[in-house]
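1. task: produce atomic coordinates for the following.
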Amino acid sequence: MMTKLNTSFSELKLMVLATALLLSFGLQSQSLKSSDASKQTDYKISLAQWSLHGAFNTGSLNPTDFPEIAASYGIYSIELVNSFYKTKANDMDYWKTFKQKCDEANVNVGLIMCDGLGHLGDADVQKRTKTVENHYAWVDIAKYLGAHSIRVNAAGTGSSDEVALHVIDGLTKLGKYGASKGINIIVENHGGYSSNGAWLANVMENVNMKNVGTLPDFGNFCITRDSNRNCLDEYDRYKGMTELMPFAKGVSAKSHDFDATGNDTKSDFFRMMAIVKESGYKGYIGIEYEGRELSEDEGIKATKALLENVFTKL
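-> Sure, this is the predicted structure:
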């Protein structure tokens, strides 16, 4: 009886020890998973509609289907381009249907990129005011769709100081309307003076509004181009990103062509994302593919794979 009892007690101790080890391993594994998950949520991928501009312009893809298209890539946040919806600025029935499509695809709208509405830095105050008002409808649409921002352009004619003053005025007025709707007004480095990081950062400092910020783009740092679209004056993209990230409410990962290892040939994505991380920004990184060697479909997939690889190494 004693031998049997001792054997059972020994087995019980082994079972208790094994259970403790398994429990400890499980807790450590869960902790690691939680840590990894937390790290992963620092950055998520969104899809800029411009990545498929060729297909939308030719009609091979329908802008109304963009939520479903994005979801097919495993991307669940989208960045709309207003030029694909020129006739829909005041058509809330259309946006009701669009929102339903977003809900069905489990996709959210992050922002709306606004072009062709005039110059926020126009020297003519009446034209500048009209430009501000032209953006109101898109602020309202952004609000309805649950977006956080509209992206605008800081353009105008005159010297850098003159345009800066006019842009500050235009952004301040539009920023007030955006604030009344809970929508951010964000400026992309998008050619001209706005592609000078120091210039745009100075504009942001002078506007000094919580809902007015930037959308730093990895690749849009060409200040002037010739008639063939060749860049004549390019601002240092890494310096520009560093200057614009303190005001960022979104990030655009512009990609072009890729080398044999899957890296973008124009921007060092690892270096860019290190700048993003250093700024303290956490949120969506938007794919904006503009290459020519790969199709739009292949380019989106290549950019997504590159970003995912970079995220794991940050």
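2. hey, where'd the strands end up in the chain?
-> Counting by DSSP state E, the chain has strands at residues 43-48, 77-81, 108-113, 149-152, 184-188, 212-215, 222-225, 231-234, 251-255, 283-289.
3. so how far is the third one off the chain centroid?
-> Looking back up the chat, that one is strand 108-113. Relative to its chain's centre, strand 108-113 lies at 9 Å (CA atoms, centre = their mean, to the nearest Å).
4. same question for that strand, mean pLDDT?
-> Strand 108-113 shows a mean pLDDT of 98.
5. just the residues contacting it, thanks.
-> For strand 108-113, the external contacting residues (CB atoms under 8 Å, 6 or more residues apart in numbering) are 46, 48-50, 76-82, 102, 138, 141-142, 145-151, 186, 188, 215, 250, 284, 286. Every residue, glycine included, has its C-beta placed from N, CA and C.
6. now swap in stretch 263-275 and tell me
-> Outside stretch 263-275, the residues that touch it by CB under 8 Å, 6+ apart are 43, 218-219, 237-238, 241-242, 245, 253-259, 285, 303, 306-307, 310-311, 313-314.
7. ends of that stretch, how far apart?
-> By CA to CA, to the nearest Å, the extent of stretch 263-275 from end to end equals 17 Å.
8. low-confidence stretches in the stretch 1-150 of the chain?
-> The model of the stretch 1-150 of the chain has pLDDT under 70 over residues 1-41.
9. quick one, helices of it?
-> With DSSP state H, counting those that start in this stretch, the ranges of helices along the stretch 1-150 of the chain come out as 2-40, 53-58, 66-72, 92-105, 125-134, 136-145.
10. D257 and V251: what is the separation?
-> Counting by CB to CB, to the nearest Å, the gap between D257 and V251 amounts to 20 Å.
11. for the two, indicate the residue with more neighbours.
-> Set D257 next to V251 and count neighbours by other CB atoms under 10 Å: V251 wins out with 25 against 15.
12. isn't the more buried one right up against I285?
-> Yes - with contact defined as CB atoms under 8 Å, V251 reaches I285; the gap is 5.0 Å.
13. next, format the strands of the chain as a markdown table and append distance to G175.
-> Shown next, in a markdown table, are those (distance: least, CB to CB, whole Å):
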| stretch | distance to G175 |
| --- | --- |
| strand 43-48 | 23 |
| strand 77-81 | 20 |
| strand 108-113 | 15 |
| strand 149-152 | 10 |
| strand 184-188 | 5 |
| strand 212-215 | 4 |
| strand 222-225 | 25 |
| strand 231-234 | 29 |
| strand 251-255 | 20 |
| strand 283-289 | 20 |
